[in-house]
Every structure is written in structure tokens, then in C-alpha cells.
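Participant: Just need the structure, nothing else, for what follows:
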Amino acid sequence: MPNSENRSAESAGSMQRAVQQEQDRRDQIQGQHKESQDAVQTSRHDQPSPPLPQQHLEKPGSEADMELKPRFLAPDYCGSGKLSGMAAIITGGDSGIGRAVAVLYAREGADVAIVYLNEHDDAAETKRYVEAEGQSCLLLPGDVCDPEFCRRAVQQTVAEFGHLDILVNNAAFQEHAGSLTELSEERFDLTMKTNIYGYFHMAKSAVPHLQRGAAIINTGSVTGLQGSAHLLDYSTTKGAIHAFTMSLASNLLDKGIRVNAVAPGPVWTPLNPADQPPDKIAQFGATTDMKRPAQPEELSPAYVFLAAPSCSSYISGIVLPITGSVGG
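Facilitator: A predicted model of the protein is given here:
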């Protein structure tokens, strides 16, 4: 090899070693400082982070009974009439994500019907907050597994408000299982009938009343995108919801009706303390990149975005991940 090439190769090698040594030095310094375990906060208001109260709720789970109340008021969110004159049905609207969505829909000018199982105190509280935003709220207790109830719920909403513009399918049943053998057919059937049949029954009942510009929004889950070892039946239904969303979006597109889904990660609602044991709930959400669960008020603006034609008239058939982790 000519001398000039030898010198060039040596120079390149020296440069690589210099870069390596500098990075080694930085790594050593960084290793001396323990990585921060603080939860990531991305707004002016700090949200609760682990350890969370070690509490186990009796199903279906009441927000009124939670030691740490979920945050749903979204104090920094200012309404601007995006849903003015519209009417919405929200299943599972008594608490958690559903309550937060109901409040923001009302803040944006929509009347809201709340479908819920039997959590009457939570539902009454949600109604109070909707009415405080200046809108009407209709309470509809019943089981979305029952197709006849779903038909009646839609009919009562249309009778009360005169029309229907938005359907939010959000009601869910979740219970962990250690293995596939722990899942009985009855339990699997209950999860399926609540989480996917309920969405089907509500959509089928609502579609005849929806006009151009209307929207259906389904609540999916990160478990439907990634699976979950101990939520076998639940994650299966959430994956089905994502497929149902995309399929129904194609089916209804020529009618001018948009269908989308939100796929949350861990969210602080009654659903999880009514599932996991207290010691696991203490660290709920800690494995996300943000090291904390979301609060319902951090998800509800996405439901406004997907409902409002002024925001998302060119969006249908998407599954929007809101997971607290980079890349969803």
C-alpha cells in the first residue's frame, strides 16, 4: 500500500478511536447518574403518577368510590362550537373516558345521551357536569349486550333531541386471566358480547338515523394493537374493534358518515382498579415511556377531533393510538 494510503488509513483509524473515547467518557459520566424515574409531564398541570392508591373496586366499578379521582374536566380546553347543534350517544358514558368525552362534547355545543349499565351515581354526576356546560343530558341505563335495549336507546335519543349525529362506542368489560385455561366459554362470551357485539348493536341501531357529516367513534386499545398476555379475551375484542372500525368506515363512506377509533394505552378509570389487584394497580402505567397512566382529560380532545367535521372531514377508518409511549 502506498505511503499516502497508509497515512490516510491511520488518520481515519485515529479519528474513529477519538470519537469512541469521547463517547466512552460520556457513557461513564452518564452511568454515574441514575436515570430519572419521574413521570413525564407535558402540560402546565402535573398528572398523577405511580405509586397510585392500592385499591380494588367491585365491578362494574364506580368512579365515586375511587380514592384518586380521575381527571376529566380538561381545564385548559376551550370550546369553540365545533359540535354546535349536534346530538351524541356515548356508551360507558357515566365515568372514565366516556365522562370526559361527554363533558367536552357539551363544551363544544352538543347534547349528550349517556348509556351505562347500573352506575347511577356516576351517571348522575356526569349529567350534572354536562348540564353545567349548558347542554342537555339524557341518561339511559341498560346492557349493550341486548340488541333491543340498543334500539330503544337510539330511539329515545332521537325522540329527545330530534336527531343523532355522533355515536361513541366506549362501554367495555375487562378481567385479567393468568392463562387460557382460566377462561371459561361463559366468560369469553361475556367479554365478546359486551365489547364487540355491543358496538355492533349500537352502530346497527344508529346508522339509519345518521346523516351526511355524522361520525362513529369506537374505543379500541393498545392491547388490540400489541396483544396482552393476561388480557386474552379483552385484547381479542379490541383487535376486532379496530377491524370493525376500518370495515364499517369503508361500508359507510359513500353516505358521508365517518368511522374512526381511538386506541388508548393505560388510562386511570374505574375499569382497571375493578380488574387488577391492589399491588399491581399501584404501578399502573409505569411501564409506558411517560411512566404514568393517562388521565381521561388527556384523551377526550381526540374524540372531539374525530367527531367534528370542521377538524376531521377527510379522516375515516383510522385507529389513533394514544398510549404514552413513543410511536404508540
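Participant: Check the contact between Asp94 and Asp122; I expect there is one.
Facilitator: Yes - Asp94 is within contact range of Asp122, at 4.1 Å (criterion: CB atoms under 8 Å). The way it works is simple: take the backbone N, C-alpha and C, and place the C-beta from them, glycine included.
Participant: Next SSE downstream of the host helix or strand of Arg17?
Facilitator: According to DSSP states H and E, Arg17 maps onto helix 3-31. Downstream of helix 3-31, the first helix or strand assigned by DSSP H and E is strand 87-91.
Participant: Any chance you could list what contacts that next one?
Facilitator: Residues outside strand 87-91 that contact it (CB atoms under 8 Å, 6 or more residues apart in numbering): 98, 101-102, 105, 110-116, 140, 144, 153-154, 157, 161-171, 198, 202, 206, 307.
Participant: From those residues, which land in helices?
Facilitator: Taking DSSP state H as the definition of helices, the contacts of strand 87-91 contribute 98, 101-102, 105, 153-154, 157, 161, 198, 202, 206, 307.
Participant: Can you tell me which of those residues is closest to Gly81?
Facilitator: The shortest approach to Gly81 among the ones in helices among the contacts of strand 87-91 belongs to Tyr105, at 11.9 Å (CB to CB).
Participant: wait, that closest one sits on Leu306?
Facilitator: No - here Tyr105 lies out of contact with Leu306, judged by CB under 8 Å, at a distance of 11.5 Å.
Participant: Of the two, which one has the most company?
Facilitator: Tyr105 (30 against 24; other CB atoms under 10 Å).
Participant: Next one: the more buried one from Val130, what distance?
Facilitator: 8 Å (CB to CB, to the nearest Å).
Participant: what touches both of these two?
Facilitator: The contact lists of Tyr105 and Val130 share Val112, where a contact means CB under 8 Å, 6+ apart.
Participant: Where do the strands of the stretch 201-328 of the chain begin and end?
Facilitator: In the stretch 201-328 of the chain, the segments counted as strands under DSSP state E, counting those that start in this stretch are 215-219, 258-264, 319-322.
Participant: Would you list the phi and psi of the nearest residue to Pro48 once chain neighbours are set aside?
Facilitator: Counting by CB to CB, 6 or more residues apart in numbering, Leu68 is the residue found nearest to Pro48 once chain neighbours are left out, at 6.0 Å. Main-chain dihedrals, Leu68, degrees, to the nearest 10: phi -100, psi 110.
Participant: Look at Arg7 and say how many residues are nearby.
Facilitator: Arg7 has 10 nearby residues by other CB under 10 Å.
Participant: so who does Leu104 touch?
Facilitator: Leu104 touches 74, 77, 79, 300-301, 303-304, counting by CB under 8 Å, 6+ apart.
Participant: which residues sit in contact with the residue nearest the centre of the chain?
Facilitator: Against the mean C-alpha coordinate of the chain, by CA atoms, centre = their mean, the closest residue is Pro264 at 3.5 Å. For Pro264, the contact set (CB under 8 Å, 6+ apart) comprises 97, 219-222, 294, 299, 322-323.
Participant: tally of neighbours for the nearest residue in space to Gly142 that is not next to it in sequence?
Facilitator: Among residues not flanking Gly142 along the chain, Phe149 sits closest, at 4.1 Å (CB to CB, 6+ apart). For Phe149, the neighbour count with other CB under 10 Å is 19.
Participant: in which helix or strand would I find Phe149?
Facilitator: Using DSSP H and E, Phe149 falls in helix 147-161.
Participant: who are the neighbours of that helix, in terms of helices and strands?
Facilitator: strand 87-91, strand 111-116, strand 137-141, helix 198-206 (3 or more CB pairs under 8 Å, 6 or more residues apart in numbering; DSSP states H and E).
Participant: Relative to Asn260, how far out is Leu320?
Facilitator: 7 Å.
Participant: Of these two, which one has the most company?
Facilitator: Neighbour count, other CB under 10 Å: between Leu320 and Asn260, Asn260 has more, with 25 against 18.
Participant: How far away from the center of its chain is stretch 282-291?
Facilitator: 16 Å (CA atoms, centre = their mean, to the nearest Å).
Participant: Let's have the contacts of Leu104 in a markdown table, adding neighbour count and pLDDT.
Facilitator: Output for the contacts of Leu104, formatted as a markdown table (neighbours: other CB atoms under 10 Å; pLDDT from 0 to 100):
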| residue | neighbour count | pLDDT |
| --- | --- | --- |
| Ala74 | 21 | 96 |
| Tyr77 | 16 | 97 |
| Gly79 | 18 | 97 |
| Ser300 | 25 | 98 |
| Pro301 | 17 | 98 |
| Tyr303 | 27 | 98 |
| Val304 | 24 | 98 |
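Participant: Just flag the most distant two among these.
Facilitator: Across these (CB to CB), the longest gap, 13.5 Å, separates Gly79 and Tyr303.
Participant: so where's the stretch 1-150 of the chain shaky on pLDDT?
Facilitator: 1-5, 9, 30-36 (pLDDT under 70).
Participant: ok so, going back, list the contacts of the residue nearest to Pro48.
Facilitator: Contacts of Leu68 (CB under 8 Å, 6+ apart): 48, 52-53, 268.
Participant: hmm, which of the residues you listed are the buried ones?
Facilitator: Using 16 or more other CB atoms under 10 Å as the burial test, the contacts of Leu68 include 48, 52, 268 as buried.
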